[in-house]
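J.: Can you look at this prediction? I've put the sequence above it.
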Amino acid sequence: MSERSYSGARQRIDLHTHSTCSDGTTSVSDLFSQAQGVGLDVLALTDHDTVEGWPQLPAAVAATGVAAVPGIEVSSEHGHRSVHLLALLVDPSEGTALAAEMAEARFSRI
């Protein structure tokens, strides 16, 4: 993933997307191609409860020039309500442990 510092210039950013790694209908590479096509500068991949698409981010960034934000949409419950929280700029080295914790939590709710 590329690192960019904030220069004060306006950027077009989408911080909430889903790929076929969760409930989306578009692959990670196609999401980034579409983002490039509409002029986005930055795209966050925030699949539901999985970091499965993260390994594809470097290639998507290299192919499109669109910067990636590793993220995840965490499913939870508050009382009897389903709650979804976006976690952005998650350290990719923590992704596997985070996914394992979420899978365990999901299993315990069943």
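T.: Perfect, I can see it now. Residues are numbered from 1 along each chain as shown.

J.: need the strands for this protein, in chain order.
T.: Ranges of strands in the chain, per DSSP state E, are 13-14, 42-45, 67-78, 81-88.

J.: right, and those strands - which one's nearest Ala59?
T.: strand 67-78 (10.2 Å; C-beta to C-beta). In this view, the C-beta of every residue, glycine as well, is placed from N, C-alpha and C.

J.: buried ones in that closest one?
T.: Within strand 67-78, the residues that qualify as buried are 67-75, counting by 16 or more other C-beta atoms under 10 Å.

J.: residues near Thr46, how many?
T.: Each residue near Thr46 was counted by other C-beta atoms under 10 Å, and the total is 25.

J.: Point out where the protein drops to low pLDDT.
T.: 1-7, 103, 105-110 (pLDDT under 70).

J.: What's the separation between the most centrally placed residue in it and Val90?
T.: Central residue of the chain (C-alpha atoms, centre = their mean): Leu45, 2.0 Å from the mean position. Distance of Leu45 to Val90, given as C-beta to C-beta, to the nearest Å: 10 Å.

J.: shared neighbours, these two?
T.: Residues touching both Leu45 and Val90 (C-beta atoms under 8 Å, 6 or more residues apart in numbering): 70-71.

J.: nearest to Ala97, of the strands of the chain?
T.: Nearest to Ala97, of those and by C-beta to C-beta, is strand 67-78 at 12.1 Å.

J.: Show me how far the closest one is from its chain's centre.
T.: Mean-position distance between strand 67-78 and its chain equals 6 Å (C-alpha atoms, centre = their mean, to the nearest Å).

J.: Equivalent analysis for stretch 83-91, please.
T.: 8 Å.

J.: So which bits of it are buried?
T.: Applying a neighbour-count criterion of 16+ other C-beta under 10 Å, the buried positions in stretch 83-91 are Val90.

J.: what's it in contact with?
T.: Under the contact criterion C-beta under 8 Å, 6+ apart, stretch 83-91 has outside partners 15-16, 44, 46, 48, 51, 69-77, 98.

J.: Looking at these, which two lie furthest apart in space?
T.: Val69 and Glu77 (25.8 Å).
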